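# Could you look at this predicted model? Sequence included:
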Amino acid sequence: METTAERQYWILSSDPRQYHWDTLFVKGKEMWRGAGAKPQVTRIVKRMRRGDRVLAYHGTPDRHVYALAEVTRDPYVDPGNPESKAMIIDLRALERLLQPVSLAALKANTLLRHLKFLRHPRIPISPLTEAEYREILRMGGIVPTPGLPLP
């Protein structure tokens, strides 16, 4: 039987010229193959679980946090390349941020100065604390409503 784990938070980076996050919103749900097969990245992907929240970041040339998504399936081996060690996850689009949060704004926010994403920009996936996640949502115009939890 599956154990209930505490929700985790992540930031996923994608080059918008290769995979634009609008694609996820058009399809609603999709396999995300953007992590690659590097051992360090594969270890991070294996920690993701169904129900985790994801902030979708567009890399160069845009460089901003764009949207919010949810992991809908635990990581699994890419069925299109079963010999590879690349792990993929399924994502469901939740909502676009009301205002994209630029890389410069992330770097300027003192509450986010320890963000692993900022220290290791070449890694396409990075964990976030709940406080970091909530701060980025706030910066993007998504604030909690009394009685309703944040997405």
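Yep, that arrived.
# What's the local residue count around residue 111?
13 (other CB atoms under 10 Å). No exception for glycine: its C-beta is placed from N, CA and C like everyone else's.
# residues contacting the closest residue to it other than its chain neighbours?
Nearest non-adjacent residue to residue 111, counting by CB to CB, 6 or more residues apart in numbering: residue 135, 5.0 Å away. Taking CB atoms under 8 Å, 6 or more residues apart in numbering, we find residue 135 in contact with 109, 111-112.
# What helix or strand is residue 135 located in?
Here residue 135, judged by DSSP states H and E, is contained in helix 130-139.
# Please spell out which residues along that helix are buried.
Buried positions in helix 130-139, judged by neighbour count with 16 or more other CB atoms under 10 Å: 132-137, 139.
# Equivalent analysis for stretch 34-41, please.
34-36, 41.
# between the residues you listed, which is nearest residue 105?
Relative to residue 105, the closest of these is residue 34; by CB to CB it sits at 22.7 Å.
# Could you find the closest non-adjacent residue to that closest one?
Per CB to CB, 6+ apart, closest to residue 34 is residue 14, 5.0 Å.
# How about residue 29?
Distance criterion CB to CB, 6+ apart; nearest residue to residue 29, sequence neighbours excluded, is residue 92 at 4.7 Å.
# Give the helix, strand or coil label for that neighbour.
With DSSP: H, G, I helix; E, B strand; the rest coil as the basis, residue 92 sits in strand.
# contacting residues around it?
Contacts for residue 92 (CB under 8 Å, 6+ apart) come out as 28-29, 69-70, 72.
# Take the residues you listed and lay them out in CSV including distance to residue 20 and pLDDT.
Listed next are those as CSV, based on distance: CB to CB, whole Å; pLDDT from 0 to 100:
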residue, distance to residue 20, pLDDT
28, 15, 92
29, 16, 94
69, 13, 96
70, 18, 96
72, 20, 97
